[in-house]
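Visitor: kindly generate the corresponding structure for this input.
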Amino acid sequence: MERSALRVAYVDDDPDMRAMVALTLKHSHGCPMLTCATGAQALREVPAFRPDVIMLDYLMPGMNGFQTLDALAHIMDLRDIKIVMTSGVDLTPAQCRTRAAELLPKPFDLAQLGQLLEDLCSR
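Guide: Residues are numbered from 1 along each chain as shown. Have a look, this model is predicted:
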C-alpha cells in the first residue's frame, strides 16, 4: 500500500493529540486524515470517509472507544479496516484483541506512528 493511500480516522477528545497526530500523519506520511472529537461525531463522519485505519482513544466522555467501535460496526463494514485503540490507562492487549488489531499505549511515539500504521495495514 502506498503511503499516500493510507486513510486514517482518529477519534480522541484531546484537541492537542488530534492536532499532533493529524499533523504528523498528514505532513510526514501523506495520509488523508479525518479527526473527530467524540464518538458521536465519528458515527456521523467516519462511514463517509472510508478509512483504512481507525484510531480510537479508549477514554472519552459520552461513548468510550469500545462503545464507539461497536456503534460503528452497526452502521458500516469494518472487516477490511484496521482498528487501533489508544489509551492512557492500563488496557491489556487481551482486552483489545477481540475488537482492535493493535493497542497503542499513550504517550506514543509520533515519529514511529506512520510506520506502525503501514506495518499494521500490510498484515
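
Visitor: can you tell me the helix or strand for residue 112?
Guide: Element membership for residue 112, per DSSP states H and E: helix 110-122.

Visitor: partner residues bridging the residue nearest the centre of the chain?
Guide: Centroid check for the chain by C-alpha atoms, centre = their mean gives residue 55 as the closest residue, at 0.7 Å. Here residue 55 sits in beta bridges with residue 10, residue 84, going by DSSP bridges.

Visitor: that one and residue 19: what is the separation?
Guide: 14 Å (C-beta to C-beta, to the nearest Å). Every C-beta, even on glycine, is put in place using the N, C-alpha and C of the backbone.

Visitor: for the chain, which segments count as helices?
Guide: Ranges of helices in the chain, per DSSP state H, are 15-23, 29, 39-49, 65-75, 93-97, 110-122.

Visitor: I'd like these laid out as TSV, including distance to residue 84, mean pLDDT and mean neighbour count.
Guide: Shown next, in TSV, are the helices of the chain (distance: least, C-beta to C-beta, whole Å; pLDDT from 0 to 100; neighbours: other C-beta atoms under 10 Å):
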stretch	distance to residue 84	mean pLDDT	mean neighbour count
helix 15-23	11	95	15
helix 29	15	83	17
helix 39-49	14	98	17
helix 65-75	10	93	17
helix 93-97	9	59	13
helix 110-122	7	85	15
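
Visitor: what's the closest of these to residue 104?
Guide: Closest approach to residue 104 among these is made by helix 110-122 (7.3 Å; C-beta to C-beta).

Visitor: could you say what helices and strands that closest one packs with?
Guide: Contacts defined by 3 or more C-beta pairs under 8 Å, 6 or more residues apart in numbering; DSSP states H and E place helix 110-122 against helix 15-23, helix 29, strand 53-57, strand 82-87, strand 102-105.

Visitor: with just CA atoms, put the helix holding residue 112 into CSV.
Guide: The C-alpha coordinates for helix 110-122 follow below in CSV (Å, rounded to 0.1, in the frame of the first residue of the first chain):
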residue,chain,number,x,y,z
LEU,A,110,4.6,10.2,16.9
ALA,A,111,7.8,9.7,14.8
GLN,A,112,7.1,6.0,14.6
LEU,A,113,3.3,6.2,14.2
GLY,A,114,3.2,6.3,10.4
GLN,A,115,5.4,3.2,10.1
LEU,A,116,3.3,1.3,12.7
LEU,A,117,0.1,2.0,10.8
GLU,A,118,1.8,1.0,7.5
ASP,A,119,3.1,-2.2,9.1
LEU,A,120,-0.4,-2.9,10.5
CYS,A,121,-2.1,-2.5,7.1
SER,A,122,0.4,-4.7,5.4
